[in-house]
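Q: only geometry, no sequence info:
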């Protein structure tokens with residue numbers, strides 16, 4: 001079912017079928033977004049240890065902390081920026097900021113340059129990924145949010161995993177730098193070109209707002225500060241989604257830094273590490289298409305809770321089977337990938353369900369702030385624990401945190417907007 005209105009450019013409709021061309025262009029844009037960050041998944045922790053001789057794990061993981069903090073703050077700002085700028089303008093700006101990233105990763109003369117490149121990458125990812133997901137939600141309307149977010153995240157994270165896999169093989173053949181990083185030039189050029197072509201979705205937002213069945217509550221502020229407080233704590237379901245998102249990406253940040261070091265310490269080569277690091281986000285990505293659609297049918301909460309517990313099992317498998325490191329890496333990647341596929345689109349759709357269209361971009365920005373600050377928290381926790389207790393203890397801590405987060409999600413998240 002779709003809704004229709006008229007704009008200066010002609011009829012505006014909500015729905016996936018009605019907007020399939022623009023939706024498809026945005027899917028391809030997000031492939032490029034994911035591909036750019038996928039450059040780092042296999043090689044950069046090893047560049048820190050092998051190329052620049054870093055011996056402190058926290059120092060190695062500093063690039064993830066820089067990326068996570070910058071991306072989280074940009075996600076938060078993106079919600080406020082949409083009140084002043086069109087989504088397309090922010091999308092194009094994100095790509096312009098990302099232009100130097102592959103060149104800096106390929107030829108950085110010191111580790112500080114890698115960290116600086118990750119600040120730019122965080123800005124790029126915060127703007128481009130935020131806008132692609134918001135624009136897809138705008139296009140399809142409320143009936144297909146789960147499917148829309150599933151397709152968006154599937155495109156991005158499948159690209160993350162595929163690029164991680166490819167860079168592992170390229171690093172085996174040509175070395176850690178510069179060949180693996182230079183494929184990012186293709187992602188930047190394609191992403192920027194498509195961002196210039198895609199249409200803005202302001203008219204679709206206006207249409208949904210005009211047809212929304214529930215008026216904005218009296219005295220309910222749409223300001224960023226009020227939305228941040230509402231999403232972070234006051235609204236029970238949004239609070240549950242925010243903490244689950246944070247722990248989910250804490251896992252990603254932790255495995256991003258820890259798994260390449262853990263599995264190479266146990267004898268895996270670069271190609272095998274690339275397989276492990278690629279399989280996780282590929283399954284995470286592809287799995288979000290059916291799980292996003294399923295969340296529209298069975299609800300968000302079952303998938304969120306089950307997904308967090310499945311991720312916890314993935315960490316347990318990584319340690320229990322470590323005497324056979326390739327098996328441990330593959331099985332843990334499968335569990336982590338499938339668990340994250342259940343969680344990721346369901347959380348975004350849940351936030352969209354509970355947020356009024358008038359403050360939805362702010363709520364999504366706040367949720368994505370907490371979710372992506374998990375990268376920094378995960379890298380920080382991983383660095384401190386790895387330096388003091390070892391890599392194995394770090395994986396145990398991740399399993400416990402993830403299981404606890406799943407139980408909190410079960411307690412706090414509701415299927416309907418009754419948690420205020």
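A: Cool, got the structure. These numbers come from a predicted model, not from an experiment.

Q: tell me the pLDDT at residue 200?
A: Looking at residue 200, its pLDDT is 94.

Q: would you say it is within a helix?
A: No - counting by DSSP: H, G, I helix; E, B strand; the rest coil, residue 200 falls outside a helix, being coil.

Q: tell me who's in contact with residue 381.
A: Residue 381 makes contact with 250, 254, 394, 397, according to CB atoms under 8 Å, 6 or more residues apart in numbering. Every C-beta, even on glycine, is put in place using the N, C-alpha and C of the backbone.

Q: helix or strand: which one has it?
A: Residue 381 belongs to helix 360-388 when assigned by DSSP states H and E.

Q: before we move on, back to that, so which one among the contacts of residue 381 has the lowest pLDDT?
A: Among the contacts of residue 381, residue 254 has the lowest pLDDT, at 91.

Q: okay, now the unreliable bits of the protein?
A: Where the chain drops to pLDDT under 70, the residues are 1-10, 212-214, 218-219, 416-420.

Q: which of the contacts of residue 381 sit farthest apart?
A: Of all pairs drawn from the contacts of residue 381, the greatest distance, 11.3 Å, lies between 250 and 394 (CB to CB).

Q: may I ask which of the contacts of residue 381 has the most neighbours?
A: Greatest neighbour count in the contacts of residue 381, by other CB atoms under 10 Å, goes to residue 254: 30 neighbours.

Q: is that residue in a helix, a strand, or coil?
A: helix.

Q: and the contacts of residue 381 as TSV, adding secondary structure and distance to residue 323?
A: Formatted as TSV, the contacts of residue 381 follow (DSSP: H, G, I helix; E, B strand; the rest coil; distance: CB to CB, whole Å):
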residue	secondary structure	distance to residue 323
250	helix	27
254	helix	22
394	helix	18
397	helix	21
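
Q: columns distance to residue 86 on top of those residues, output as a markdown table?
A: Output for those, formatted as a markdown table (distance: CB to CB, whole Å):
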| residue | distance to residue 86 |
| --- | --- |
| 250 | 33 |
| 254 | 36 |
| 394 | 43 |
| 397 | 43 |
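
Q: list just the nearest of these to residue 298.
A: For the contacts of residue 381, the nearest to residue 298 is residue 250 (26.3 Å; CB to CB).

Q: secondary structure element holding residue 130?
A: Residue 130 belongs to helix 111-140 when assigned by DSSP H and E.

Q: please state the offset of that helix from the chain centre?
A: In this view, helix 111-140 has its centroid 9 Å away from the chain centroid, taken as CA atoms, centre = their mean, to the nearest Å.

Q: what packs against the helix or strand where residue 353 lies?
A: Assigned by DSSP H and E, residue 353 belongs to helix 325-354. In terms of contacts (3 or more CB pairs under 8 Å, 6 or more residues apart in numbering; DSSP states H and E), helix 325-354 is packed against helix 145-174, helix 236-265, helix 270-298, helix 301-320, helix 360-388.

Q: can you give me the angle the fourth one makes with helix 325-354?
A: What separates the directions of helix 301-320 and helix 325-354 is an angle of 160 degrees, with axes from the mean of the first three to the mean of the last three CA atoms, to 10 degrees.

Q: contacts only, for the closest residue to residue 164 other than its chain neighbours.
A: Leaving aside its sequence neighbours, residue 164 sits nearest to residue 41 (CB to CB, 6 or more residues apart in numbering; 3.6 Å). Contacts of residue 41 were listed using CB under 8 Å, 6+ apart, and they are 160, 161, 163, 164, 167, 256, 277, 278, 281.

Q: swap in residue 67?
A: Under the criterion of CB under 8 Å, 6+ apart, the neighbours of residue 67 are 37, 40, 118, 119, 121, 122, 125, 375, 376.

Q: how many other residues sit next to the residue lying closest to it once chain neighbours are set aside?
A: Leaving aside its chain neighbours, residue 67 sits nearest to residue 118 (4.1 Å; criterion: CB to CB, 6+ apart). Residues contacting residue 118 under the criterion other CB under 10 Å number 27.

Q: and residue 118, how far from residue 169?
A: To residue 169, residue 118 is 23 Å away according to CB to CB, to the nearest Å.

Q: and residue 23, by the same measure?
A: Distance, residue 23 to residue 169, using CB to CB: 32 Å.

Q: neighbour-wise, which of the two wins?
A: A direct count of neighbours by other CB under 10 Å for residue 23 and residue 169 places residue 23 higher, at 21 against 16.

Q: how far does the stretch of helix or strand that one belongs to sit from the chain's center?
A: If you go by DSSP H and E, residue 23 is part of helix 20-38. On the basis of CA atoms, centre = their mean, helix 20-38 sits 13 Å off its chain's mean C-alpha point.

Q: could you pull out the buried residues of it?
A: 22-23, 25-38 (16 or more other CB atoms under 10 Å).

Q: other SSEs contacting the helix holding residue 130?
A: Judged by 3+ CB pairs under 8 Å, 6+ apart, helix 111-140 is in contact with helix 20-38, helix 40-46, helix 62-81, helix 87-98, helix 101-107, helix 145-174, helix 202-211, helix 360-388.
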